[in-house]
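S.K.: could you look at this predicted model? Sequence included:
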Amino acid sequence: MRGLIPREEVFVACAEADVFVSTSNGEGLPVAVLEAMAAGCPVILSDIPPHRELADDAGFVPFVRPGDAEGFAREIRRYRAMSSDERREIGRRCRAHVSARFTLPIMRAATDAVYLETARPAATHR
């Protein structure tokens, strides 16, 4: 539990962590999760649509029902039982996942596509 840290220290804190846990009940774009994964930190996520959007196809990311304290505790214990090499490998996979799907050019292209689709005349949406 780190609490509030200066913006410039976020990446280092995530890179040094054994695991990042998001127990959120709701998110827009879960930037903190993206930052943790980009730093190579394994994550445990609440099972909400924004987290699923980020990592649903990443089978190595565990999802826990929001509010399921025992479920989160179980996953944290599972990570604690892993060797540091195993956690590092999951972190490497998290980083690769984010790099393949959420870089600025990729996200900009996806946003541009949405704007282009919504800007088309109504007759072409059918």
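M.R.: Ah, there it is.
S.K.: hey, which helix or strand in this protein has the poorest pLDDT?
M.R.: Ranking every helix and strand in the chain by mean pLDDT, DSSP states H and E puts helix 104-119 at the bottom, with a mean of 82.
S.K.: who touches it?
M.R.: Residues outside helix 104-119 that contact it (CB atoms under 8 Å, 6 or more residues apart in numbering): none are found. In this view, the C-beta of every residue, glycine as well, is placed from N, C-alpha and C.
S.K.: any idea how far Arg101 is from Pro62?
M.R.: 19 Å (CB to CB, to the nearest Å).
S.K.: quick one, which of the two is more surrounded?
M.R.: Pro62 (21 against 17; other CB atoms under 10 Å).
S.K.: quick one: residues contacting the more buried one.
M.R.: Pro62 neighbours (CB under 8 Å, 6+ apart): Ile44, Leu45, Glu75, Arg78.
S.K.: which helices and strands sit right next to the helix or strand hosting the first one?
M.R.: Meaning Ile44. Assigned by DSSP states H and E, Ile44 belongs to strand 43-46. In this structure, strand 43-46 makes packing contacts with strand 20-22, helix 31-38, helix 49-55, strand 63-64, helix 69-81, judged by 3 or more CB pairs under 8 Å, 6 or more residues apart in numbering; DSSP states H and E.
S.K.: list the neighbouring strands of it plus their orientation.
M.R.: Paired strands of strand 43-46, with direction, are strand 20-22 (parallel), strand 63-64 (parallel) (DSSP bridges).
S.K.: just put the helices and strands packed on strand 43-46 in a markdown table and tack on distance to Arg108 and mean neighbour count.
M.R.: Compiled in a markdown table, the helices and strands packed on strand 43-46 are given as follows (distance: least, CB to CB, whole Å; neighbours: other CB atoms under 10 Å):
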| stretch | distance to Arg108 | mean neighbour count |
| --- | --- | --- |
| strand 20-22 | 25 | 20 |
| helix 31-38 | 15 | 20 |
| helix 49-55 | 17 | 18 |
| strand 63-64 | 28 | 20 |
| helix 69-81 | 33 | 13 |
